[in-house]
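**Student:** sequence and predicted structure, then a few things I'm wondering about:
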Amino acid sequence: MRNAKISACGAYAPARVIPNAYFNELLGEDVDTWLRTNVEIFERRWSAPDESCADLAEHAARQALERASLKADQLDLIIVATDTPEFVSPSTASVVQARLGAGNAGTFDINTACAGFVTALDIGSKYVRSDEAYNRVLIIGAYAMSKYLNMEDKKTVTLFADGAGAVVLESTEKEGEGFLASELRSKGEYNEWMGIYGGATRYPNTPESMANHQHQLQFVHRFPKELNPLTWSDMARKLSDRTNVAPPQVDHYFITQININAIRETLNLLEADEAKAHTIMHHYGYTGSACIPMAFNDAWEKGLVKPGELVYFIGSGGGLAFASAAFRM
């Protein structure tokens, strides 16, 4: 049976390293201790002033293509998951396509905030599975949230960072390999709790809206701390119902890197070893739609992900949006 497999991956983080100590000086208080103790973030990367979302995406894409031994013109589709796009319109994917020279590929962006990469992985897999015209699909999660930060807002400026991760999906006929199951969920009642609310049709950019920081990322309300662990663990169980593999026997979990304690709680709820959830927030901060492919790439590079292993990807983001996908490597 025709299926989609992950054949290669890539990632990119900007060169500019921002240590926690930077915020002690910026905000005039010790935030380093809290960040280390509560979320285990020690540093993060921010893009340069002349570095954009498409730049980050392009770097990750080129690495993934090289590892897949593919030329850009062999791609059939490029999907970019981002809520920090190159432009409001046209799509970031179209910019990346032109830069790569992927003239045979269709393109589109998706925005389910930080759940975007897993959502795109689900979409891309179903293109490959259902249509023989799509044999090679490039999925990119790209995030340049530093461009949208209010430097006086302690709730956001210390947490968010920039980066990109990519995977190549290719068709396969090998039984038991590749995509196994997925699920999308949403809790739209939270749509006004966190986001970038200015610059679109509801709140066009005006001097007044910009003075109110509506063009920048805002945490309007505090989310219930149990929301992510309960949802992530339930989605993992639903995947396991379909893969017939109990959560403790899953080899790897790649989960949105917003809070390491929420990830640990999720694994505990699943009665799974915490070490099965690979994390990178210590050195990369929170990179939104890029964090899951960046974590996957880091584990791949370290030789931790092996052929035949079962991997669960579970993401969540503003909206609220949730996405999960299971793959046999």
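**Tutor:** Noted; the coordinates are in hand.

**Student:** centroid residue for this protein?
**Tutor:** S289 (2.5 Å; C-alpha atoms, centre = their mean).

**Student:** and the pLDDT for that residue?
**Tutor:** Looking at S289, its pLDDT reads 97.

**Student:** pretty sure it sits against I79.
**Tutor:** No. The criterion here is C-beta atoms under 8 Å, and S289 misses it with I79 at 11.3 Å. For every residue, glycine as well, the C-beta is placed using N, CA and C.

**Student:** all strands of the chain, in order?
**Tutor:** 3-12, 16-19, 43-46, 77-81, 106-110, 136-144, 162-172, 178-186, 194-196, 217-219, 252-255, 310-317, 321-328 (DSSP state E).

**Student:** ok and the first one relative to strand 136-144, angle-wise?
**Tutor:** Okay, so that is strand 3-12. Between strand 3-12 and strand 136-144, the angle comes out at 40 degrees (axes from the mean of the first three to the mean of the last three C-alpha atoms, to 10 degrees).

**Student:** just the CA trace of strand 3-12, in CSV.
**Tutor:** The C-alpha trace of strand 3-12 is given here as CSV (Å, rounded to 0.1, in the frame of the first residue of the first chain):
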residue,chain,number,x,y,z
ASN,A,3,2.4,5.5,2.1
ALA,A,4,4.5,8.5,3.1
LYS,A,5,7.8,8.2,4.9
ILE,A,6,10.2,10.7,6.4
SER,A,7,13.4,10.3,4.3
ALA,A,8,15.5,13.2,5.7
CYS,A,9,15.4,16.3,7.9
GLY,A,10,17.2,19.6,8.4
ALA,A,11,17.2,22.5,10.7
TYR,A,12,18.6,26.0,11.1
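
**Student:** tell me which other helices or strands it touches.
**Tutor:** For strand 3-12, the contact count by 3 or more C-beta pairs under 8 Å, 6 or more residues apart in numbering; DSSP states H and E identifies helix 53-67, helix 116-130, strand 162-172, strand 178-186, helix 291-301 as packing neighbours.

**Student:** again with the longest one
**Tutor:** Counting contacts by 3+ C-beta pairs under 8 Å, 6+ apart, strand 162-172 is packed against strand 3-12, strand 43-46, helix 53-67, helix 116-130, strand 136-144, helix 291-301.

**Student:** and among these, the most buried is which?
**Tutor:** Highest mean neighbour count among the helices and strands packed on strand 162-172 (mean count of other C-beta atoms under 10 Å): strand 136-144, with a mean of 31.

**Student:** partners of that strand in the sheet?
**Tutor:** Within its sheet, strand 136-144 is paired with strand 77-81 (parallel), strand 162-172 (antiparallel), according to DSSP bridges.

**Student:** the shortest one: how far from the chain's middle?
**Tutor:** Relative to its chain's centre, strand 77-81 lies at 13 Å (C-alpha atoms, centre = their mean, to the nearest Å).

**Student:** returning to what we had before: now render the helices and strands packed on strand 3-12 as CSV, adding distance to S91.
**Tutor:** CSV is the format used below for the helices and strands packed on strand 3-12 (distance: least, C-beta to C-beta, whole Å):
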stretch, distance to S91
helix 53-67, 10
helix 116-130, 12
strand 162-172, 15
strand 178-186, 20
helix 291-301, 18
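
**Student:** and this protein, what are its domains?
**Tutor:** Residue ranges for the domains of the chain, per the TED database: 3-172, 178-328.

**Student:** Provide the contact partners of stretch 54-66 at residue level.
**Tutor:** With C-beta atoms under 8 Å, 6 or more residues apart in numbering as the contact definition, stretch 54-66 has outside contacts at 8-12, 14, 47, 71-72, 75, 78, 80, 82, 86, 92, 95-96, 99-100, 138, 140, 142-144, 162-168, 290, 293.

**Student:** average pLDDT across it?
**Tutor:** Mean pLDDT, stretch 54-66: 99.

**Student:** can I have it written out in CSV, keeping just the CAs?
**Tutor:** Output in CSV follows, covering the C-alpha atoms of stretch 54-66 (Å, rounded to 0.1, in the frame of the first residue of the first chain):
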residue,chain,number,x,y,z
ALA,A,54,12.0,32.7,4.5
ASP,A,55,15.7,32.9,5.2
LEU,A,56,15.4,30.5,8.1
ALA,A,57,13.1,28.2,6.1
GLU,A,58,15.5,28.1,3.1
HIS,A,59,18.5,27.1,5.3
ALA,A,60,16.6,24.2,6.8
ALA,A,61,15.1,23.1,3.5
ARG,A,62,18.5,23.0,1.8
GLN,A,63,19.9,20.8,4.5
ALA,A,64,17.0,18.4,4.3
LEU,A,65,17.2,18.2,0.5
GLU,A,66,20.9,17.5,0.6
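
**Student:** tell me the confidence at V167?
**Tutor:** At V167, the model reports a pLDDT of 99.

**Student:** and it, how many neighbours?
**Tutor:** Neighbourhood size, V167 [other C-beta atoms under 10 Å]: 32.
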